[in-house]
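Asker: When you get a sec, could you give me coordinates for this:
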Amino acid sequence: MSRFVLVHGAFCGAWCWEPLVAELEALGHTVEAIDLPGHGEDTTPLEDVTLDLYAERVAETLRAGEPAVLVGHSMGGVVITQGAAKAREHVDRLVYCCAFLPRDGESLKSLADKPEGAADLVQKNLVLAPPVATLSPEAAREAFYGLCTPEQAEWGLEHRQPQPIAPFVTPVDLDGGIDELDRYYVLCTEDKAIPPALQRRMSTESPCLEVAELEADHSPFLCKTTELAAILDRFARA
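Answerer: Here you go, the predicted model:
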């Protein structure tokens, strides 16, 4: 069985993974879902949050145990890419779950600005109030929870937080690259936050050993928990 480290996306915290953690543990895996600085129960001031601070939190977690299957959701794809560059020897493989997958020198913003990202409902509705960005509940519901039950959507909306802007615009610096690490991708076909066309482009430009398509919105850990757990389990065993 594998060690999983789960890294959440923007506006979220470790809380979003709770249903998936239970499924993966039932399959026999060890699972750690972490709060990035300024998220969940972490009290780092939002104005101090940077991509490097995120990545160092991931690297610290990785160094504390055996090599892990490192999973990033959404913005967490940028974070695990930068974190893996800091702790390569502690990463077993990388999994991008409807996530941004940057190459060296790319940022979340530069990826979202590609033509395939034009239908992104997050950028379209983002309210900037530096140092953070927010989304209205209505916009967040449409962008993130389209296939979720009303109860799942309400639970997600209740927990969401403002998102520091700095990690969106900071390019990754891979310091020689992480090409030796195996990559896998979960492409969510009903995603309105990272359009499927952009997910396909990123997983092609940074080749992945497998791209698994899942009929899910941007919160597959809620709307397709069991199916996502099965995919991650398969990736870990590959």
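
Asker: which residues touch the most centrally placed residue in the chain?
Answerer: Nearest to the geometric centre of the chain sits His73, at 1.7 Å (CA atoms, centre = their mean). Counting by CB atoms under 8 Å, 6 or more residues apart in numbering, His73 touches Leu6, Val7, His8, Gly9, Cys12, Cys16, Cys97, Cys98, Ala99, Phe221. Placement of C-beta: from N, CA and C, glycine included.

Asker: Which residue ranges of the protein form helices?
Answerer: For the chain, applying DSSP state H gives helices covering 18-26, 51-63, 76-86, 108-112, 121-125, 137-144, 150-159, 166-169, 196-205, 220-223, 225-237.

Asker: contacting residues around Cys208?
Answerer: Counted by CB under 8 Å, 6+ apart, Cys208 has contacts Tyr96, Leu101, Arg183, Tyr184, Tyr185.

Asker: Please apply the same query to Gly156.
Answerer: Shown in contact with Gly156 (CB under 8 Å, 6+ apart): Cys16, Ala140, Phe144, Tyr145, Cys148, Ser219, Leu222.

Asker: how about 6 Å then?
Answerer: Tyr145 (CB atoms under 6 Å, 6 or more residues apart in numbering).

Asker: cool, and Gly28?
Answerer: Met1.

Asker: And the furthest pair within the contacts of Cys208?
Answerer: Leu101 and Tyr184 (10.5 Å; CB to CB).

Asker: related to what we said a few turns ago, any idea what the residue nearest to the centre of the chain is bridged to?
Answerer: Cys97 (DSSP bridges).

Asker: quick one: it from Glu66, how far?
Answerer: 22 Å (CB to CB, to the nearest Å).

Asker: Quick check: which ranges of the chain have low pLDDT?
Answerer: Applying pLDDT under 70 to the chain flags no residue at all.

Asker: now do 90
Answerer: Flagging of the chain using pLDDT under 90 yields the residue ranges 175-177, 179.

Asker: what's the offset of stretch 109-126 from the middle of its chain?
Answerer: How far stretch 109-126 lies from its chain's middle: 16 Å, per CA atoms, centre = their mean, to the nearest Å.

Asker: Equivalent analysis for stretch 6-18, please.
Answerer: 8 Å.

Asker: can you redo the helices of the chain as a markdown table with distance to Glu41?
Answerer: Converted to a markdown table, these look like this (distance: least, CB to CB, whole Å):
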| stretch | distance to Glu41 |
| --- | --- |
| helix 18-26 | 13 |
| helix 51-63 | 13 |
| helix 76-86 | 17 |
| helix 108-112 | 24 |
| helix 121-125 | 24 |
| helix 137-144 | 21 |
| helix 150-159 | 11 |
| helix 166-169 | 19 |
| helix 196-205 | 30 |
| helix 220-223 | 18 |
| helix 225-237 | 22 |
